[in-house]
Each structure stands twice: as structure tokens, then as C-alpha cells.
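J.: One predicted model, sequence on top.
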Amino acid sequence: MTHGGEMDFMTDVTNQSGGIDLKAEEVRVGADVVGRDKIVQNYTQPAAPAERCHNSLPNQPYFFGRKDELQRIAEALDPEAQGWGVLISGPGGIGKTALAIRAGHLAPEAHFPIKIFLSVKVTQLTPQGPEKLEDFMLPNYIALLSELACELGDDAIAKMDPNLRANEVRRLLADKHALLIIDNLETFDEKTERPRVFQFLSRLPRLCKALVTSRRRIDTPAEIIRLDKLERDDALKLIVCIAERNRYVAKTTEAERVELYEITRGNPLLIEWLAGQLGNPKSQCRTVADACHFMETAPKDNDPLEFVFGDLLDTFTEHETAVLAALTYFTQPARVKWIAEIAQITITQAETALEDLADRSVLVLEDRKYLLPPLTATFLRHARPEVIAMAGNSLSDRVYTLLSPLMDDNRNKDHGRFPALEAEWPKVAAAIPLLLQGDYIRLQATSEALTFFHEYRGHWDEMLALSMEAEKKAVAARDWDKAGWEAFRSGRVHRLRWQSAEVLACANRAAVYWQTAQAGSREQALAIKLRGTGYQLAKEYSAALAAYRQGLELYRACELESSDVANGLNSIARVEQLLGDYVAAERDYCEALRIAKLVNYHEGIPSYLGNLAGLALVQENWPVAEQFAREALPLAEQVG
């Protein structure tokens, strides 16, 4: 059964019903019915040759998408077009075979009464795993010529001297109007067999054309089409067809089908394979999530990623392998500079390798940055673990060095460094999972260094994920002081999201951790103040005010005038404002501002001025509000 993907999924494509009626006035392409004349409008219309019709193309019950590619092929197969035809290249399972067969069916019989399909494919993928093709596979170039001669009605050529067969077949084609489809040419030896095939094709008679599919792009005088993923709508139509014969697929939701498309990155063969695992007794998958997990841990005898990508490994140079290993860690497009650093090669070497890989559709190129598709990354992690590990060590070391200036307590609020760090963020994000799995001391230092950067740049998801994992590691290490700080950092994110219950939970965990660690007054005050924030968000203002005042006393026990004391006063003033006690609120805001100026608390000063402006707005004192706001604005801009 074929579609916009490979036709190598079913066991016997030649015995299936379906296909298209080339004599009909309309032709179905996917879900669209279009006039037959429109499909072939780019062909000239010579008189039909008086030849015996012969068609050995496999049938196609359905086919989806690829309209632009079909149009390009139609133009290249025009008898007046230059070149011998079309080379369709692309990764395994992407739909090269299906496209070639569909284009062959659509080619007018007026031009090609003879249509011959020749397969070099040695294996096909089924839900049970790869299967060898013993009966239909052509093992070499000479066998291909012999089969072609037989298709043309001449059995004698197969008995001739092999060195004479190519010329004899060419003579046999001289008075024919034939379209040849040679599938999976990459199976032939790169140095001995493939060049001979292209030499033969370059000498085809003028009225003959060919369609060749190959996982490898080859420079040849033909139209070259690099095939990429199916579009989403076309892939969803494919899944609908699969659902007609698989009751488990039929039960999937629209969201699950979209997930299936996204996980396979629009590779039709992988869509078929994953769908085939639903209800399969061997894989015991019942949901799309089950099938995706099974694919990631598939046994060697049924590994679809090995089938699709395995042959690529032998084609990668040392530098290509190095840049691919570096890219396995990125979930966002990466700059050439970062890739070169991690791969430990020059930028020029990295650029050359990346450009070659992008040309072969191994990588995705976006705005001069590169991204490795998730499935390819998964395969490489399994196939080249040593190289991947080396790249991971290089990445984590470089990111740790990048963050080291922020690991000083006096410099982790250095806002001037934040824009440069933001520009490097995809590299930092790529290293965080490695740091979480690595050295505990490094992890805690990283979490602390990134706290204020995360908060300032709005990376709340990242901050929360890092703090939660770091808290687990600290608890496992019985490092109760660090566990308290990580719980506190998580609470800060929940505060920013106005999640009162979560804030209170974090405050309670922090308090327990710090009590176990016998931490000092400041840590106790931070936990109490965070609890007050949770009460405030829950609109339990009396409880919030009591907690804030208790925390303030502990802050003052450490130091009478500090940024902590200023923050405590600011929190008290905010609740007083919410309770309508504007006089008390203004008093405490002003005291917080005085202390912030005294201790050079550069973040607090514009914040408290802004709060005073807000208080004036509530009281409709517009001139005072404007005065505070104008004073706060340039200071806030300096802070960033």
C-alpha cells in the first residue's frame, strides 16, 4: 500500500487493488479530484505512437500530497525536456518510491505506452520488523539490464556477454517510448554499480525517460528533487486511511494523530510503523504514547530508526559526526559558533560539515542556525554513544565556564551580563539536562547562578524545572540547606504566577529543610515571608500581614537596615494598601525606599518608587503619581 511515503511497507504491493484509471477524465490525487488534462498540461501532445502498451508499475490504492513535486516531474518527463529524467532523493521512508510510482501512473500513455518498474530494494519494513525481498530484488547492474530486457520482451539479452548487454538494451529502446522507474539505487555499490547506471541513463534514446529514487543525492544531468516530510494535512489523511484497517488507530483522537505526525516528523513509513504497533501482540501497544515509547526502546530486530537512518552512519565524515553529536543536545536552532566549540573543530570545518548535512536533509536550517530532528537525534544517541558522551562533556564544561562569573553571590544580579547570556541561552538550555545528571556541586552552583537571570528574563518554566530537580538532588544528598533554597526558588516562580497553594507548599518545605539544617535567622525569615506571600495571593490579608511582620523582625535581628529589611517593609506596605490603610502603606513604602537608597539596593529603589506611584493612583493623586513614575522609569531602565 503506498502513499506520500515509501511503498516498502506492505509485503506484496503488486497484488493490491486500487491505483488510478489513466483513461478517466478525472484523477484522484490524495483527497482531491482534478482534471486529467490539468495534471499533464505541461506535456506537448504528439500523436500517440503505435506501440504495444506495457505497464509493470505497482498499483496505488491511495496517495496524498506532493503536488508541487508531481508538477516538477511532469515537466521533466516532457519529451522536449533536457536530461534523462528525474532523480528523487531523500531519507528512508520519506516517500520517494510512492512519488515515483504516482508520477509514473500520471505520465500520459501517449508519451509512454511502456512503463517499467525495476526495484533494487533489498529489505522492507513491516510492523514486525525488516523483511528481506528475495523474489523481486535486483542484486546488481547486470541483473537490472537483464530484467529490463525481459520487460521489453527480449529474453535473449540475459544470455549475452554481460559487457555487451547495456548497448543491446539501449538499441532495444531506440524505437520505444518507455518510462523507466529504478527504485532504491543507493543499494548498488557507490563506486562500481551506480556510475554504470547513470552512464546508461545518460545514453537513453530521446523519447525515453527515467525516474530514479535514492537515499543519496547524486550530481547528474537530470531534475533533482529532494523529498522532505509530508505536510500535516496530508499525513492526517494517511492516518485516516490506516484507521480504516486498524481499529486501534480508529480510536485515536485528533490530538493523538497530530502527536503521531509530529513525533515522526512527517515520515510516512514511520507513521505506518508506529500505527502498526497499535494492537500488535509483540509490542503490546494500545495508545500512540505506548507506540512512541516502544519506538525509542525498540529491539534490534524491529528498530525502525535503524531501518530509516542506519545506512547514514557510514556516510558521515569525522567532522560531520562531531557536529551531529553536538546537535543532539539542542532543542532550539544552534549557531555555527556553538556547534564548532562543542565539536572542538574550527568554524570553517563546522560550516562545511553543516552545509553538506543540510543539503542531504539530515539537518534543518533556520535563519543560519541548525537543528537536528528529534528522531535522528534519538537514533544517533543509540548508535554513537561514545561520541555523544564526548560532545556532552564538552558542552557542559563550556556552559559551566560561561556561568561561572554569576556564581559569585555579589555578581549573580549583574544585570549587565544578562543580555549576552540571553543570546547564548539555547546553548545553556542544552547543557542543563547534563548538569542535572552530573556533579551535584556543579548543579547547585548553576541553579543559584541562574536564579536572577531566569526571573529577569521571564524564563519561569526553566527556573521552576531546574529548582525542582535540584531540590530532589539536594534531598537525596541530605543537603538540607540547599534543599531549602531550591524550594524557596520554586516558590518565587509560583509567586510570579499568582499560585497561592503552590507558594504555601514551597514555603512549608523550605521551612522544614532549613529547620533540619539549623539554618540562621535570615533563612527562617525568607520562609516566613514566602508563606506571607502565599496568604496574600489567597487574599488572607490578616495572616499575610502577621507573617510579613514576623519575618521583618527576624531580618532586623540580622541587620537593622538592609535590602531584606527594605523588602519586608515593602511587602507589609502592599498588604496595608490592599486593606485600605493608605497612610500606613505610604509610611512603610517610604521607609523601604529610604533604606534601599542608603544601602544602594538598585533593584529596590525603582520598585518602591513604582509602588508609591501606584498608591497615589489609587488615591487619584495624579501629580504625585506622575512624579514617582517619572523618577522610577530611568532607574528601572538602568536595572534592566
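T.: On my side now, so go ahead. Numbering: from 1, shown residues only.
J.: Going by C-alpha atoms from here, please, whenever you check contacts or count neighbours.
T.: OK.
J.: What are the phi and psi values at the nearest residue in space to Asn267 that is not next to it in sequence?
T.: In this structure, Asn267 finds its nearest non-sequential neighbour in Ile94, 5.0 Å apart by CA to CA, 6 or more residues apart in numbering. The phi/psi pair for Ile94 (degrees, to the nearest 10) reads phi -80, psi -10.
J.: Quickly note the distance from Ile94 to Ala616.
T.: Distance of Ile94 to Ala616, given as CA to CA, to the nearest Å: 64 Å.
J.: got the contact list for stretch 151-170?
T.: 116, 142, 145-150, 172, 200, 203-205 (CA atoms under 8 Å, 6 or more residues apart in numbering).
J.: Could you dump these into TSV and include pLDDT and neighbour count?
T.: As requested, these are exported to TSV (pLDDT from 0 to 100; neighbours: other CA atoms under 10 Å):
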residue	pLDDT	neighbour count
Ile116	95	23
Ile142	93	18
Leu145	94	24
Ser146	93	23
Glu147	93	20
Leu148	94	22
Ala149	94	22
Cys150	93	15
Leu172	92	17
Phe200	95	16
Arg203	93	14
Leu204	94	21
Pro205	92	18
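J.: Can you tell me which of those residues end up in helices?
T.: Ile142, Leu145, Ser146, Glu147, Leu148, Ala149, Cys150, Leu172, Phe200 (DSSP state H).
J.: Widest-spaced pair of the residues you listed?
T.: Cys150 and Phe200 (16.9 Å; CA to CA).
J.: Could you chop this structure up by domain?
T.: 13-226, 232-308, 316-458 (automatic domain parsing).
J.: nearest to Arg549, of those?
T.: Using CA to CA, the nearest of the domains of the chain to Arg549 is domain 316-458, at 25.1 Å.
J.: Give me the average confidence score over that closest one.
T.: Averaging pLDDT along domain 316-458 yields 90.
J.: residue ranges of the helices in the stretch 401-550 of the chain, please?
T.: 418-423, 425-437, 440-457, 460-476, 480-496, 500-516, 521-537, 541-558 (DSSP state H, counting those that start in this stretch).
J.: I'd like the ones you listed as JSON lines, with distance to Pro623 appended.
T.: Converted to JSON lines, the helices of the stretch 401-550 of the chain look like this (distance: least, CA to CA, whole Å):
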{"stretch": "helix 418-423", "distance to Pro623": "35"}
{"stretch": "helix 425-437", "distance to Pro623": "42"}
{"stretch": "helix 440-457", "distance to Pro623": "30"}
{"stretch": "helix 460-476", "distance to Pro623": "36"}
{"stretch": "helix 480-496", "distance to Pro623": "30"}
{"stretch": "helix 500-516", "distance to Pro623": "35"}
{"stretch": "helix 521-537", "distance to Pro623": "29"}
{"stretch": "helix 541-558", "distance to Pro623": "29"}
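J.: right, and these - which one's nearest Arg216?
T.: helix 425-437 (30.5 Å).
J.: Packing partners of that closest one?
T.: helix 385-403, helix 440-457, helix 460-476 (3 or more CA pairs under 8 Å, 6 or more residues apart in numbering; DSSP states H and E).
J.: on that earlier part again, from the contacts of stretch 151-170, pick the one nearest Arg489.
T.: Arg489 lies nearest to Ile116 out of those, by CA to CA, at 67.8 Å.
J.: Spit out the contact partners of that closest one.
T.: Contacts of Ile116 by CA under 8 Å, 6+ apart are His54, Asn55, Ser56, Leu57, Leu148, Glu151, Ala178, Leu179, Leu180, Ile181.
J.: same check, this time on Arg457
T.: Arg457 touches Phe418, Glu422, counting by CA under 8 Å, 6+ apart.
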